[in-house]
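**Q** Let me see the structure of the following:
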Amino acid sequence: MISPSRWLWCVSWLAGTAIQAQPIIWSSSTQKSNNDSLGSQMDAGFSFQLGVFRNGFTPTLSNLSQWPAHWEMAGNTTYNVSASRFTGQINATNNQTFAAGTPAWVFGFRDTPTGSEWILFRHTTWLWPQADPLNPFPLSWSASAANQIVIGSIQPSGPLQMTSAEVKSWPQWQTAELTGESANGPNHDPDGDGIPNLIEFALATPPRSGPPTPAIPVTHVDGRLEMSVPRKIGRMVNLSIEVSSNLTDWQSGLGITQEISNTPTALTVRDAHPDTPLASRRFIRLRATLPTP
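**A** Predicted coordinates for the structure are as follows:
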């Protein structure tokens, strides 16, 4: 038989272990510099979150606009300017979102009305643990160990550790570049250079004046038109390359165009139909569309 005092001691011990749970410590290194995309030191406006992406969503540069809708935060901390680092600690829990084995990520960001700075990284071993209230030994997830970086960069050694990347949505770019301009819609062309605002946004060129839009090479490869489009990393815009035989009906996709390469910095697509004197004339163009909310 357990005496009342012994029973109370057991209850107290169990409660203490439940509170302890298994901690996850997530941080960046000390004595390192961390910069934004312009080379300035990260400031207190940066937040860092530990979390997962719901429903098996895999973040890529091409689906940037969908990240916030799929992101589930487990812990949040702000960047400590005086210590030049971030650090946070939470206790592992299990629920529908944080199922054991789900890839865990660290998402750092600073948002303003005219632009954002993002960095997203993890190590391939950072998997959400099974919640264990009897395991007080912490998991330590450090930025210095990251081997999967989707946006931004991390240097494993040297004085500079993290660098965030610029990310812009159409409204942020519109505010930064077209405030006070009446011709501020996606299809407007305020500087009259023949390039609509949405393409200027996608290629990061000035919409009102400035240098010409970067060259978009169109070449013949095996008798077919091929276009290579330079990409600006971090622009929330969908790019596609379409072809036509009459400048009226434009198409792309299987059997119509062939994707040669699709990287964060360039999209190269080839017409599937030949452009020869014996065939119909062929035309090729770049199209930009805004992501569906």
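**Q** Can you report how many residues neighbour Gly253?
**A** By the measure other CB atoms under 10 Å, the count of residues near Gly253 is 10. Glycine gets a C-beta too; all of them are placed from N, C-alpha and C.
**Q** Show me the helices in the stretch 151-293 of the chain, by range?
**A** Assigned by DSSP state H, counting those that start in this stretch, the stretch 151-293 of the chain shows helices spanning 170-178, 197-203.
**Q** outside of the first one, which residues touch it?
**A** If you take CB atoms under 8 Å, 6 or more residues apart in numbering as the criterion, helix 170-178 is touched by 112-116, 168, 184, 186, 190, 197-198, 200-201, 206-208, 235-237, 290.
**Q** Dump it to CSV, restricted to CA.
**A** C-alpha atoms of helix 170-178 as CSV (Å, rounded to 0.1, in the frame of the first residue of the first chain):
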residue,chain,number,x,y,z
TRP,A,170,3.4,42.2,-56.8
PRO,A,171,1.7,44.5,-54.2
GLN,A,172,5.1,45.2,-52.5
TRP,A,173,6.8,45.9,-55.8
GLN,A,174,3.8,48.1,-56.9
THR,A,175,4.1,50.1,-53.8
ALA,A,176,7.9,50.5,-54.1
GLU,A,177,8.1,51.2,-57.8
LEU,A,178,4.7,52.7,-58.9
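**Q** list the buried ones in it?
**A** Trp170, Gln172, Trp173, Gln174, Thr175, Glu177, Leu178 (16 or more other CB atoms under 10 Å).
**Q** just the shortest one next, same as before
**A** With burial defined by 16+ other CB under 10 Å, the residues of helix 197-203 counted as buried are Asn197, Leu198, Ile199, Glu200, Phe201, Ala202, Leu203.
**Q** same check, this time on stretch 152-168
**A** In stretch 152-168, counting by 16+ other CB under 10 Å, buried: Gly152, Ser153, Ile154, Gln161, Met162, Thr163, Ser164, Ala165, Glu166, Val167, Lys168.
**Q** Can you check the distance spanned by that stretch, start to finish?
**A** 14 Å (CA to CA, to the nearest Å).
**Q** What separation do you get for the nearest residue to Pro186 once chain neighbours are set aside and Pro207?
**A** Take Pro186 and drop its neighbours on the chain: the residue closest to it by CB to CB, 6 or more residues apart in numbering is Leu198, 4.0 Å away. Per CB to CB, to the nearest Å, Leu198 is found 10 Å from Pro207.
**Q** list the contacts for Ala272?
**A** So Ala272 contacts Arg224, Val243, Gly255, Ile256, Thr257, Gln258 (CB under 8 Å, 6+ apart).
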